[in-house]
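Trainee: quick one, what's the 3D model for this:
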Amino acid sequence: MNWDDRDDILRALDTLCPMHCLLDRRGRIRHAGPTLRKLRPQEAICDTPFLDLFELTHPRDVTDMAALRAAAGRRTRLRLRFRDSPRTDLHGVLVPQGQGGAIVNLGFGISILDAVRDYALTNTDFAATDPTVEMLFLVEAKSAAMDASRQLTRQLHVAKIAAEEQAFTDTLTGLKNRRALAHVLNRVIGAGQDFALMHLDLDHFKAVNDTHGHAAGDHVLEVVSRIMVEETRSEDVVARVGGDEFVLIFVNLRDRRRIEDVAHRLIARLEQPIPWQGHECRVSASLGTTLSSDYRQPGAARMLADADAALYRAKRAGRAQHRFHRPDAADAAADRDPA
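Mentor: As a prediction, this is how the structure comes out:
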């Protein structure tokens, strides 16, 4: 190139065609645009033979500069890729110049997204009029929209979990509630697991509310709930199903002696006075238990009713007692005493 304003022309090419390169008559690269240089930042692209840097995939019969210029004469669109990794696919057009040289302008075509990923390209690496800039904007907009969608989905998932947890949790004690208990019973019965169902009701709880107020009653319920959790296993379920009524599910447990031990520990601990603002709140607990193994086909409603019947046998025996359901005996509901 013998242009008097050669530097101005090269600056213009760098702006308008940042993926171009100038070839001399021997096919060596004498100048490369800034984006093309960015693709091989560790290599000295200039003075490198064009065909040493790139492998032509179309036309395949190009082996020297003369063949390259001939392809331009046939208006052939070049298809090529880097010889070393990453072997990015490119397309190009060649315009012959005087004294046997040429200008080659390259582009990514459909490999643009791979190139953006491999070389961390941005819209500043392309000419302002290049449609690639618009495509990158759309890709960035889509990526931002997808990120926002994923974040919203995560937030909704967390909110759903929180809502479900709240729907299955007793707000005062943090125990499972009646809805959660129904879910657990359906699950263990459906799975055919053995389990024990224990119904616990506090004795003399009404006297705490009447004497010290409902705040004291709430405190007692919180302490009682903590004791029940401490006296059960992590796989067991403790649910508050009424004001001072609780149901405990012991999964894979049907040993009556072990269940009796748990009941006696609960009775002993719940008889201990519970301090409240300088006063002592006193309650006790009556318990009734039924075992899934006592039924040919366990059912949640039937087992709850039988545990309730056993509980009231414990109350009639003098409170602070535990009784097992007796499959061969009926408990008269009319004989139930108030808590």
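
Trainee: now stretch 27-40: average pLDDT?
Mentor: The pLDDT scores in stretch 27-40 average 93.

Trainee: quick one: buried residues of that stretch?
Mentor: 27-29, 31-33, 35-37, 39 (16 or more other Cβ atoms under 10 Å). From N, CA and C alone the C-beta is placed, and that goes for glycine too.

Trainee: stretch 287-304 too?
Mentor: For stretch 287-304, burial by neighbour count (16+ other Cβ under 10 Å) applies to 287-292, 294, 298, 303-304.

Trainee: hey, C-alpha coordinates of that stretch in CSV?
Mentor: This file holds the C-alpha atoms of stretch 287-304, laid out as CSV (Å, rounded to 0.1, in the frame of the first residue of the first chain):
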residue,chain,number,x,y,z
LEU,A,287,-51.9,-39.8,77.9
GLY,A,288,-53.5,-42.5,75.7
THR,A,289,-51.7,-44.5,73.1
THR,A,290,-52.8,-46.9,70.3
LEU,A,291,-50.5,-49.0,68.0
SER,A,292,-51.0,-49.4,64.2
SER,A,293,-50.2,-53.1,64.7
ASP,A,294,-53.5,-53.5,66.6
TYR,A,295,-55.4,-52.9,63.4
ARG,A,296,-56.0,-55.0,60.3
GLN,A,297,-56.1,-51.8,58.3
PRO,A,298,-55.1,-48.7,60.2
GLY,A,299,-57.1,-45.6,59.7
ALA,A,300,-56.2,-42.1,60.9
ALA,A,301,-59.7,-41.2,62.2
ARG,A,302,-60.1,-44.5,64.0
MET,A,303,-56.7,-44.4,65.6
LEU,A,304,-57.2,-40.9,66.8
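
Trainee: so what touches that stretch?
Mentor: For stretch 287-304, the surrounding residues in contact (Cβ atoms under 8 Å, 6 or more residues apart in numbering) are 182, 185-186, 188-189, 193-201, 247, 254, 256, 259, 263, 266-267, 306-314, 321-325, 327.

Trainee: and the helices in this structure?
Mentor: Per DSSP state H, the chain carries helices over the ranges 6-16, 34-39, 50-53, 65-73, 112-119, 131-167, 178-190, 205-212, 214-230, 256-270, 300-316.

Trainee: select, out of the ones you listed, the one closest to R83.
Mentor: Closest approach to R83 among the helices of the chain is made by helix 50-53 (6.6 Å; Cβ to Cβ).

Trainee: residues touching that closest one, excluding its own?
Mentor: 21, 23, 27-29, 40, 45, 62-65, 68, 82-83, 104.

Trainee: again, only this time at 6 Å
Mentor: Helix 50-53 is contacted from outside by 23, 27, 29, using Cβ atoms under 6 Å, 6 or more residues apart in numbering.

Trainee: in contact with H212: list those residues for me.
Mentor: Contacts for H212 (Cβ under 6 Å, 6+ apart) come out as H279.

Trainee: buried set for stretch 174-185?
Mentor: 175-177, 180-182, 184-185.
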